[in-house]
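Undergrad: Sequence and predicted structure, then a few things I'm wondering about:
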Amino acid sequence: QVQLVESGGGLVQAGGSLRLSCAASGRAFSIYAMGWFRQAPGKEREFVAAISWSGARTYYADSVKGRFTISRDNAKNTVYLQMNSLKPEDTAVYYCAADNVRYRYYPAQAHGEYDYWGQGTQVTVSS
């Protein structure tokens with residue numbers, strides 16, 4: 001059973017930064033793409049960023065491009081989301097997710113492509 005545990009959320013002022021971490025266990029980490037999604041109150045879960053199994057390819061939602069950076073450390077079974085220049089509209093619960101296809105060349109952006117999810121971590125950006 002795969003377990004994903006997010007950490008690093010919190011309250012920050014607009015313009016500030018946070019780094020989210022997601023520690024994975026339960027299966028080989030380095031051969032699966034990973035993604036970050038978020039869900040704000042009253043809204044559907046949306047794609048934020050994804051990274052390929054090797055880390056060579058990354059994708060971002062237009063709303064976070066240039067401000068957020070996804071990375072991974074396969075030796076530590078951990079994926080990160082560095083969030084800079086945060087805006088109030090970034091306020092949401094952020095979820096880490098693990099892909100269900102080994103060695104997928106292009107990391108998926110649809111949440112249906114991810115089989116395993118963390119419990120989420122709250123990010124609140126005040127204006």
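TA: Right, received. Where do you want to start?

Undergrad: Going by C-alpha atoms from here, please, whenever you check contacts or count neighbours.
TA: OK.

Undergrad: Please work out how many residues are found near the closest residue to residue 57 other than its chain neighbours.
TA: Spatially, and ignoring its direct neighbours in sequence, residue 57 is nearest to residue 51 (5.7 Å; Cα to Cα, 6 or more residues apart in numbering). Residue 51 sits with 27 neighbouring residues when counted by other Cα atoms under 10 Å.

Undergrad: quick one: the residue most central in space within the chain from residue 127, how far?
TA: Centrality entry for the chain: nearest residue to the mean C-alpha point is residue 36, 2.1 Å, by Cα atoms, centre = their mean. When Cα to Cα, to the nearest Å is applied, the distance between residue 36 and residue 127 equals 23 Å.

Undergrad: what about residue 35, neighbour count?
TA: For residue 35, using other Cα under 10 Å, the count is 31.

Undergrad: now swap in the one 5 residues further on and tell me
TA: A count of neighbours around residue 40, defined by other Cα under 10 Å, yields 16.

Undergrad: circling back to that earlier point, can you pull up the bridge partners for the residue nearest to the centre of the chain?
TA: According to DSSP bridges, the partner residues bridging residue 36 are residue 49, residue 96.

Undergrad: Check what pLDDT it gets.
TA: Reading off the confidence values, residue 36 has pLDDT 98.
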